[in-house]
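J.: Curious how this folds, go ahead:
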Amino acid sequence: MALIIIDGVVGGPETRNSFPDKPDDIFVKPAAVADIAISLIRQDRTALSFEVEARPFGERW
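T.: Predicted coordinates:
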């Protein structure tokens, strides 16, 4: 079991249409979330993580 926290807007077609004036780097790519999920199931058993947070690159901190 694992948890992926997505702290941002996933950039699917509907959400992209809702924010047409926003740049690409404020969206979380669906394929990137899939990559995170794959890395969780393929991780080394000697250093397991069950929770990962995904944030868009363009978000200001």
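
J.: low-scoring stretches of this structure, by residue?
T.: 61 (pLDDT under 70).

J.: the helices in it, which residues?
T.: For the chain, the helices defined by DSSP state H cover 13-18, 30-41.

J.: As CSV, the ones you listed with mean neighbour count would be great.
T.: For glycine as for every other residue, the C-beta is placed from the backbone atoms N, C-alpha and C. Below are these laid out as CSV (neighbours: other Cβ atoms under 10 Å):
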stretch, mean neighbour count
helix 13-18, 10
helix 30-41, 12
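
J.: could I get the ones you listed as TSV with distance to residue 56?
T.: Putting the helices of the chain into TSV (distance: least, Cβ to Cβ, whole Å) gives the following:
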stretch	distance to residue 56
helix 13-18	12
helix 30-41	9
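
J.: Tell me which of these sits nearest to residue 52.
T.: helix 30-41 (5.5 Å; Cβ to Cβ).
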